[in-house]
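Trainee: build me a model from this:
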Amino acid sequence: MLPPPLHVHILFDPSSNRASEVARAVAVDWLAAPTEPDLRVPVYLMPIREGDRGPPKHLRLDRAANTVVAILIDDVMADFVDGAGHAWAEWLDDRFVAQSSELAVLPCVMDARGFELVEKNHALRLEGESTQDRASELGFAIACRALHLLRGGKPEDPRRAPVSIFLSHAKKNLDKESDNDIVRLTRSVTAELPIESWFDARNITWGDDFAAKIERGIEVCDVVLIFLTDDWSSRPWCIAEGLLAKKLGTPTLVVNALEKGEVRNFPYGGNTRTLRWQGALRPDSEEEAEAWRRRSRAEGKRIVSASVREALRRQHSSMVLTRIEKPDDQLLDVAPEPARVAWTSMSGAYLYPDPPLGKHERALLERLFSSASFDTPMTRFAASKATFANREVAVSISDVDDLPRWGLGEGFVRLLTDEVHLYLLMAGLRIVYGGKLDPDKLDDPDNFTLRLFTLAQLFRRPIDEGRLEPIVNAAPWPLWKLYSKEVKEKFGRSAKLECLPLPSDFPFAEADLEPLPGGFVPPKSPLQLFAWSRSMTYMRERTTARAVARVCSGGRIEGYKGRMAGLIEEPYIQMQQKKPLFLLGAFGGCTRLVIDLLEGSMRPEMTTEVARESVPHYDEIVRLYDEHGGEIPSREEIAETLREAGAAGPAAALQNGLDDEENRFLFETESPTDAARLILKGLENLLESTGP
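Mentor: Numbering: from 1, shown residues only. Presented below is the predicted three-dimensional model:
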């Protein structure tokens, strides 16, 4: 597997809340959901373990072809008395020496004290007053460095964006008497956000070949920046510029500055990123002019920064696609659209960046271009695998408590897990998910079940239409008793809902468990917790028995309601039943704990003493198991079982069609593409060895 083109790391002193907030704001801004096209560049934060001070002790900078390391330097990092200033100074010296054509170190000073650690001519000063202002400045600087790396040249000025922008606007919208217009003010910010060059078609000298100059300008520029005002779409040359951008494949960024509206909207915008101009288009009075210019310049900086990021997105997407393109492929740096495809052969194979188009857009393109096929890396890889014909894969996914120690955020976890499951769906697999629908969180982005169902609705393959539901939700007792008719109707179209009862050998009647009106039993008393525990185990045994394999990621080690944490019990049952198991350990949690035990490491959580401290009514629940049936192994017994299972190596323990090296790669990778490809490879190997 080839390394990804680019990784970004943002480091800061663990004690600095201010620097941490800026870093997290950038990480969130650079993330995109699997259903949204964007950079798709991993942004890793400072890995923080409890009690850490000073530089990171373990930092992997060799996992991508190119890496940008941004370091947020403030008074906390530069504390030489009570802090780790000396350690940071030594560490920074080593990083500067290590810079290369594949590694860029970007020191960013947040206050005057920061210059005690780095010279002024080596650092970027973050001037913004708010967290968001500083995050915007940092994001721009990272994008500049990343572009220099990906383009392979050593920059004379690494802080200057190697980007040319073509400016498309209606000349009527320029202020004839002053510079109080949003177009000129946006262009003027290049002194603060330095851009390589601008091309403004309205500055072409009369007598020049106007059409040829415009086409050449769009061809050589990295981004076409359209100021969509009330007059833009009524100007023939503006329309021509928009169409030429589509013809030449130059990325377009639209600034929506409509005031009253348009008589006719430009119908060929297609897959174009659009930003709203946030503020008035002109000052209300002379007295307001200076304040208006200040606000507009800030808005202009946001627009210019977005243009640079769009250039980076195109460069990064092209590098991802060229790694897998076939000789006859036609590459698109955005999702296909009629206005772009119409300028090509309109037949053959088109390859564009993930995510794949939803079924409705895909149907329109196939109707317009019946001789063409449209693929992404995801759909192409999934189609190259064996047809899994609705074979079922159980997935185990849950929140974790220790993300900071891995330098990751919740958004990163959502991106990886959702994209892995999207790969599985695209390959024709049926996903079995044992858990609740969270009916009170239907609009919450952290509701994994809702996200999973949305993926199934949008990206189900055409050949799967009319087949079995792509998802099975095996809901354990008593959680499904919370499902309303609305919830069942919302999810019932894309998933099969299976409401599992208490195990048939459970020794108590439901009435003995003090149910609430409607039948739900809260997990409070020892007897109620015993019922929950038996029910969760029953659900996990059922899903394990029916699925060809299980994929695990994350999981809280404490705070569970079963006989053990779900992301420990499910792998435990999987190995007991000798069923294939895939473990994604990059996000820590229970899955990482299971991996550590398989690899022979000790984990302090795996003792009865810790269980008694963490699990309410632990001894009473154990007594109920002893008296009324069922097995509840101690944490020591679970740990020993897993260590023994892993003694011969992970391949022997997990039986998932992968060898030891591939499994250990899966344990560590944060790449959804690599994780999904290994899972599908293992499943295909298993099917080839066992037959249909």
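
Trainee: could you report the neighbour count for the residue lying closest to residue 645 once chain neighbours are set aside?
Mentor: Nearest in space to residue 645, with sequence neighbours left out and distances taken as C-beta to C-beta, 6 or more residues apart in numbering, is residue 653 at 4.3 Å. Where C-beta positions appear, they are placed from N, C-alpha and C, glycine not excepted. When neighbours are counted by other C-beta atoms under 10 Å, residue 653 registers 23.

Trainee: got a list of what residue 135 touches?
Mentor: If you count contacts by C-beta atoms under 8 Å, 6 or more residues apart in numbering, residue 135 has them with 22, 25, 26, 29, 128.

Trainee: mind redoing it with 10 Å?
Mentor: If you count contacts by C-beta atoms under 10 Å, 6 or more residues apart in numbering, residue 135 has them with 21, 22, 23, 24, 25, 26, 27, 28, 29, 126, 128.

Trainee: re the thing from before, measure the residue nearest to residue 645 to residue 570 for me?
Mentor: Using C-beta to C-beta, to the nearest Å, we find residue 653 at a distance of 15 Å from residue 570.

Trainee: would you confirm that residue 551 contacts residue 393?
Mentor: Yes. Taking C-beta atoms under 10 Å as the definition, residue 551 is a contact partner of residue 393 at 6.3 Å.

Trainee: so which of the two has more stuff around it?
Mentor: residue 551 (27 against 24).

Trainee: thinking again about what came up before, relative to residue 231, which of the contacts of residue 135 is nearest.
Mentor: residue 29 (31.7 Å; C-beta to C-beta).

Trainee: got the phi and psi for that closest one?
Mentor: Here the main-chain torsion angles of residue 29 (degrees, to the nearest 10) amount to phi -60, psi -30.

Trainee: and the spatially most central residue of the chain, which of the three is it?
Mentor: The chain has residue 415 as the residue nearest its centroid, 3.1 Å off, counting by C-alpha atoms, centre = their mean. Secondary structure assignment for residue 415 (DSSP: H, G, I helix; E, B strand; the rest coil): helix.

Trainee: how close does it sit to residue 434?
Mentor: 23 Å.

Trainee: assumed residue 583 was part of a strand.
Mentor: Yes. Checked against three-state DSSP, residue 583 lies within a strand.

Trainee: bridging residues for it?
Mentor: Counting by DSSP bridges, residue 583 forms beta bridges with residue 552.

Trainee: residues near it, how many?
Mentor: For residue 583, the number of neighbouring residues by other C-beta under 10 Å comes to 24.

Trainee: need the contact list for it.
Mentor: 396, 550-553, 567, 571, 574, 591-592, 594-595, 598, 650, 653-654, 656, 663, 666-667.

Trainee: now do the helices in the stretch 101-250 of the chain.
Mentor: Counting by DSSP state H, counting those that start in this stretch, residue ranges of the helices within the stretch 101-250 of the chain are 131-151, 182-188, 210-220, 236-248.

Trainee: ugh, wrong one, I meant the stretch 451-600 of the chain
Mentor: 485-492, 526-546, 566-576, 589-598.

Trainee: which stretch in these has the least confidence?
Mentor: Lowest mean pLDDT of those: helix 485-492, a mean of 72.

Trainee: surely residue 211 touches residue 240?
Mentor: Yes. Using C-beta under 10 Å, residue 211 is in contact with residue 240, at 7.6 Å.

Trainee: more neighbours: those two, which one.
Mentor: residue 240 (17 against 11).

Trainee: is that one in contact with residue 224, as I believe?
Mentor: No. Taking contacts as C-beta under 10 Å, residue 240 lies outside contact range of residue 224: 11.7 Å.

Trainee: identify the contacts common to those two.
Mentor: 168, 218.

Trainee: after the biggest helix by length in the chain, next one along is what?
Mentor: Ranked by residue count and defined by DSSP state H, the top helix of the chain is helix 289-322. Scanning forward in sequence from helix 289-322 by DSSP states H and E, the next helix or strand is strand 330-331.

Trainee: could you list every helix and strand that that following strand packs against?
Mentor: Here strand 330-331 touches helix 289-322, strand 348-351, going by 3 or more C-beta pairs under 10 Å, 6 or more residues apart in numbering; DSSP states H and E.

Trainee: nearest to residue 359, of the ones you listed?
Mentor: Nearest of the helices and strands packed on strand 330-331 (C-beta to C-beta): strand 348-351, 17.0 Å.

Trainee: what's next to the closest one, contact-wise?
Mentor: Residues contacting strand 348-351 (C-beta under 10 Å, 6+ apart): 320-322, 324-332, 335-336, 340-341, 344, 365, 369, 371-377, 379-380.

Trainee: direction included, what does that strand pair up with?
Mentor: strand 330-331 (parallel), strand 372-375 (parallel).

Trainee: in PDB, list the C-alpha atoms belonging to that strand.
Mentor: What follows is strand 348-351, C-alpha atoms only, in PDB (Å, rounded to 0.1, in the frame of the first residue of the first chain):
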ATOM      1  CA  GLY A 348     -15.300   5.600 -21.400                       C
ATOM      2  CA  ALA A 349     -14.200   5.600 -17.700                       C
ATOM      3  CA  TYR A 350     -14.100   8.600 -15.500                       C
ATOM      4  CA  LEU A 351     -12.300   8.500 -12.200                       C
END
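
Trainee: buried set for it?
Mentor: 349, 350, 351 (16 or more other C-beta atoms under 10 Å).

Trainee: Throw these into JSON lines and include pLDDT, thanks.
Mentor: As requested, these are exported to JSON lines (pLDDT from 0 to 100):
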{"residue": "349", "pLDDT": "94"}
{"residue": "350", "pLDDT": "95"}
{"residue": "351", "pLDDT": "95"}
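
Trainee: quick one on the thing from earlier: pick the most deeply packed of the helices of the stretch 451-600 of the chain.
Mentor: When the helices of the stretch 451-600 of the chain are scored by mean count of other C-beta atoms under 10 Å, the highest mean neighbour count falls to helix 589-598 (a mean of 25).

Trainee: how far away from the center of its chain is that helix?
Mentor: Relative to its chain's centre, helix 589-598 lies at 23 Å (C-alpha atoms, centre = their mean, to the nearest Å).

Trainee: ok, now stretch 194-213?
Mentor: Worked out by C-alpha atoms, centre = their mean, stretch 194-213 lies 39 Å from the chain centre.

Trainee: which parts of that stretch are buried?
Mentor: Buried residues in stretch 194-213, counting neighbours by 16+ other C-beta under 10 Å, are found at 195, 196, 198, 199, 200, 201.

Trainee: I'd like the mean pLDDT over that stretch, please.
Mentor: Mean predicted lDDT for stretch 194-213 stands at 76.

Trainee: out of the strands paired with strand 348-351, nearest to residue 117?
Mentor: strand 330-331 (43.5 Å).

Trainee: which residues touch the closest one?
Mentor: With C-beta under 10 Å, 6+ apart as the criterion, strand 330-331 contacts 249, 317-318, 321-322, 325, 336, 341, 344-353, 372, 374.

Trainee: how does it look with 6 Å?
Mentor: Strand 330-331 is contacted by residues 321, 344, 350, 351 when judged by C-beta atoms under 6 Å, 6 or more residues apart in numbering.

Trainee: how distant is that strand from the center of its chain?
Mentor: 25 Å.

Trainee: residue 422: which of the buried residues of strand 348-351 is nearest?
Mentor: residue 351 (17.5 Å).
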